[in-house]
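Trainee: My questions are about this predicted structure, shown below with the sequence.
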Amino acid sequence: MTASSPKKYLGALTGLRGLAALFILANHACSWTAPNVAPPVNPKLVAVMTSLSMSVFFVLSGFVIHYNYAAKFQGAFLPAARRFLLARFIRLYPLYALCLILALGLSADIWPPNGLGAFIKAAAAYFAGVQSWFYFTLGGYRLLDFLFPLSWAISVELFLYLLYPLVTRLVSLAARPLFALSAVLVSFGVCMAVMYLYQIFNPYWLFEATKRFPEAAAVNPNFLHHFHQWAVYLAPYPRIPEFLQGALAAQLLLSVKDRPTSPGERLAGGLALGAGAVYLILCVQVCLISDDFALHMLRQNTLFAPGLATLMFCLSRYDQGRIARLMTVKPLVFLGEISLALYLVQTWSLRFFSTQSAEPVTGALAISWLGRYGLNVAASLVTAYVAWKWIELPANAALKRLFGLGKTKPAAGS
């Protein structure tokens, strides 16, 4: 592959992002439509599907970023890194900053007990986008539970953006297909080993966390749970293998993109696509029936990554297949285009028609719950479209003009 060879737009990946965004919206709506009672849906299924959907975003981020930017980093590093980081900042930050300002305005009631200084520090962490990088506390409680909780994923993305220029040439070394496949398997194996070591030494880590955050351990009865959740799910560090497996799958695609696909390869690709789908289905099923602690930890970060990376490669390489064409239907592509706005606005839009009732969701109340659920989902879609159309797109276009980035559309949306 040459640096100048054109790259096609990978519409199936935009559709895949849209499907993941829809799952996250549906799962959050299950929990938030009536937050004081259990929803009429298996809560474990909601948790597993949310984990899978979040993994889609982080694996996809590595895939499309490497697919779009790998060739640019083959030249001078600093100009390429500057242009890459600026483009990613423009893509992500404007709408995030506006939503953060809204969150701060609606959260002013939390800072008087903790002091204005603590609130300013918390706001600074959010504006800098580092709120998930460290275990910050506010009044002894996890900072990520205040102000703008959903923004943890934006913070993780910003970390991965900073990481990519440092690893892009290393990923590009896997230029041969066999090397790329081996690297995916090795990264998955390393992450599994780390998670099992974490399980073995879990009492030690939690003991050290209690010593490091004595105030939180004293006032927060859920401190150990909150710290563990941050360490395996909310922090950016366990997301690195997902991101790298996505990037390695993109490197595999780049290494064969100029080769015509033979009937034998298309058959093998179809089998690989099926194997990736079966792997994900089996993972979901095992997670639903197993209470294994290590599996629970893997499910929250890298368990689904190999299957997702396989799907992304196959959907991109064999984009004329039925599944790939299905992923490019207009509703899914539209959801993929507005996915950032849809994720950010649901902090508020999913509460428009929610109820604080503590009565069990049965009988007539189940019908009421379904009605509220549908209205919350619809309100989120409308709000996201407005935010995307009238805020995100104009802000991105204005900043691109300001910094001279032009109007070129990436080969794969991100």
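Mentor: Good, I have the coordinates. Numbers count the residues shown, from 1 in each chain.

Trainee: So which bits of the helix or strand containing residue 91 are buried?
Mentor: Here residue 91 sits within helix 77-106, counting by DSSP states H and E. For helix 77-106, a neighbour-count test (16 or more other CB atoms under 10 Å) marks 80-81, 83-84, 87-88, 90-96, 99-100, 103-104 as buried. Placement of C-beta: from N, CA and C, glycine included.

Trainee: Could you list every helix and strand in contact with it?
Mentor: helix 43-69, helix 116-128, helix 152-172, helix 339-349, helix 393-403 (3 or more CB pairs under 8 Å, 6 or more residues apart in numbering; DSSP states H and E).

Trainee: go again using 7 Å as the cut-off
Mentor: helix 116-128, helix 152-172, helix 339-349, helix 393-403 (3 or more CB pairs under 7 Å, 6 or more residues apart in numbering; DSSP states H and E).

Trainee: Quick one: mean pLDDT over that helix.
Mentor: Averaged across helix 77-106, the pLDDT comes to 92.

Trainee: now it, how far from the centre of its chain.
Mentor: Put simply, helix 77-106 sits 16 Å off its chain's centre (CA atoms, centre = their mean, to the nearest Å).

Trainee: so it versus helix 43-69, what angle?
Mentor: Helix 77-106 and helix 43-69 are oriented at 140 degrees to each other (axes from the mean of the first three to the mean of the last three CA atoms, to 10 degrees).

Trainee: Just the strands from the stretch 151-300 of the chain, written as ranges.
Mentor: Applying DSSP state E, counting those that start in this stretch to the stretch 151-300 of the chain gives no strands.

Trainee: okay, and for it, where does confidence drop off?
Mentor: Within the stretch 151-300 of the chain, the stretches with pLDDT under 70 are 175-182, 184-185, 188, 191, 195.

Trainee: And the helices in it?
Mentor: For the stretch 151-300 of the chain, the helices defined by DSSP state H, counting those that start in this stretch cover 152-172, 177-200, 202-212, 214-219, 223-229, 240-256, 263-289, 293-299.

Trainee: I'd like to know which of the ones you listed is closest to residue 341.
Mentor: Nearest to residue 341 among these is helix 152-172 (12.2 Å), distances taken as CB to CB.

Trainee: Please export the C-alpha coordinates of that closest one as PDB.
Mentor: Extracted in PDB, the C-alpha atoms of helix 152-172 (Å, rounded to 0.1, in the frame of the first residue of the first chain):
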ATOM      1  CA  TRP A 152     -16.100   9.200  31.300                       C
ATOM      2  CA  ALA A 153     -16.200   7.800  27.700                       C
ATOM      3  CA  ILE A 154     -15.200  11.100  26.200                       C
ATOM      4  CA  SER A 155     -12.300  11.300  28.700                       C
ATOM      5  CA  VAL A 156     -11.200   7.800  27.700                       C
ATOM      6  CA  GLU A 157     -11.300   8.800  24.000                       C
ATOM      7  CA  LEU A 158      -9.100  11.800  24.600                       C
ATOM      8  CA  PHE A 159      -6.600   9.600  26.300                       C
ATOM      9  CA  LEU A 160      -6.600   7.200  23.400                       C
ATOM     10  CA  TYR A 161      -6.200  10.100  21.000                       C
ATOM     11  CA  LEU A 162      -3.000  11.200  22.800                       C
ATOM     12  CA  LEU A 163      -1.800   7.600  22.800                       C
ATOM     13  CA  TYR A 164      -2.200   6.900  19.100                       C
ATOM     14  CA  PRO A 165       0.700   9.100  17.700                       C
ATOM     15  CA  LEU A 166       3.000   7.200  20.100                       C
ATOM     16  CA  VAL A 167       1.900   3.700  18.900                       C
ATOM     17  CA  THR A 168       1.000   4.200  15.300                       C
ATOM     18  CA  ARG A 169       4.400   3.300  13.800                       C
ATOM     19  CA  LEU A 170       4.500   0.300  16.100                       C
ATOM     20  CA  VAL A 171       1.100  -0.900  14.800                       C
ATOM     21  CA  SER A 172       2.200  -0.300  11.300                       C
END
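
Trainee: Next, the angle from that helix to helix 240-256.
Mentor: Using the same axes, to 10 degrees: helix 152-172 against helix 240-256 is 40 degrees.

Trainee: and the angle from helix 152-172 to helix 339-349?
Mentor: Using the same axes, to 10 degrees: helix 152-172 against helix 339-349 is 160 degrees.

Trainee: hang on, the earlier thing: winner for burial among the helices of the stretch 151-300 of the chain?
Mentor: Of the helices of the stretch 151-300 of the chain, the one with the most neighbours on average (mean count of other CB atoms under 10 Å) is helix 240-256, at a mean of 26.

Trainee: Fine, thanks again, bye for now.
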